[in-house]
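Trainee: Return atomic coordinates for the entry below.
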Amino acid sequence: MISETKIKNYTTEVPAERSIAEIEKMLISVGADAIMKNYRGDGRILALAFKYQGRGYMLPSNSERCAEVIRKISEYRSRPAQWLNEQAERVAWRVLRDWVDSQLSLIRIGQAEVEQVLLPYMWDGKQSLYDKFKERNFMLQG
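Mentor: Purely as a prediction, here's the structure:
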């Protein structure tokens, strides 16, 4: 069984919209040129796309996979599916917000460059660099 102590922010009550707004503010603080939200069919935000120095990036939130993990937490098993899905969305965006904050902190202290931490999320309008490498079994050539 998965221990809830291993899932960061699993009890968060911070709305996804607030975490998203905080991510946007952080991206702007490091010079993002543009930010766009990609929506699911139900109106929830699927990902944040942004441009930095002419390059596109896509930061996805995978709340469905997060929901699968949260459903394994004993105290949440009896919760209604709608609550679990909403909690998963809050958790997924909050964890992503914390990750962005940590990565941008590395950039600010000169320990990393934007491309170093965001390279997998580089986006060409169709797919991320990570997805391209995954298609090639992570081979550099092919």
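
Trainee: Only C-alpha atoms from now on, for both contacts and neighbour counts.
Mentor: Will do.

Trainee: Return the distance of the closest residue to residue 39 other than its chain neighbours relative to residue 11.
Mentor: The spatial neighbour of residue 39 that comes closest, neighbours along the chain excluded (CA to CA, 6 or more residues apart in numbering), is residue 45 at 4.4 Å. Distance from residue 45 to residue 11, counting by CA to CA, to the nearest Å: 20 Å.

Trainee: go on, residue 53?
Mentor: Residue 53 is 36 Å from residue 11, by CA to CA.

Trainee: what do you get for residue 50?
Mentor: Going from residue 50 to residue 11 by CA to CA gives 28 Å.

Trainee: Same question for residue 105.
Mentor: 25 Å.

Trainee: Okay, now the unreliable bits of this structure?
Mentor: 1-5, 142 (pLDDT under 70).

Trainee: Which single strand of it contains the most residues?
Mentor: Counting by DSSP state E, the longest strand found in the chain is strand 45-52.

Trainee: rewinding a little: more neighbours: which of residue 53 and residue 11?
Mentor: Using other CA atoms under 10 Å, the more surrounded residue of residue 53 and residue 11 is residue 11, with 13 against 10.

Trainee: Would you list the phi and psi of that one?
Mentor: The phi/psi pair for residue 11 (degrees, to the nearest 10) reads phi -100, psi 10.

Trainee: thinking again about what came up before, pretty sure the residue nearest to residue 39 contacts residue 37?
Mentor: Yes - under the criterion of CA atoms under 8 Å, residue 45 makes contact with residue 37 at 6.5 Å.

Trainee: Nice, that's everything, thank you.
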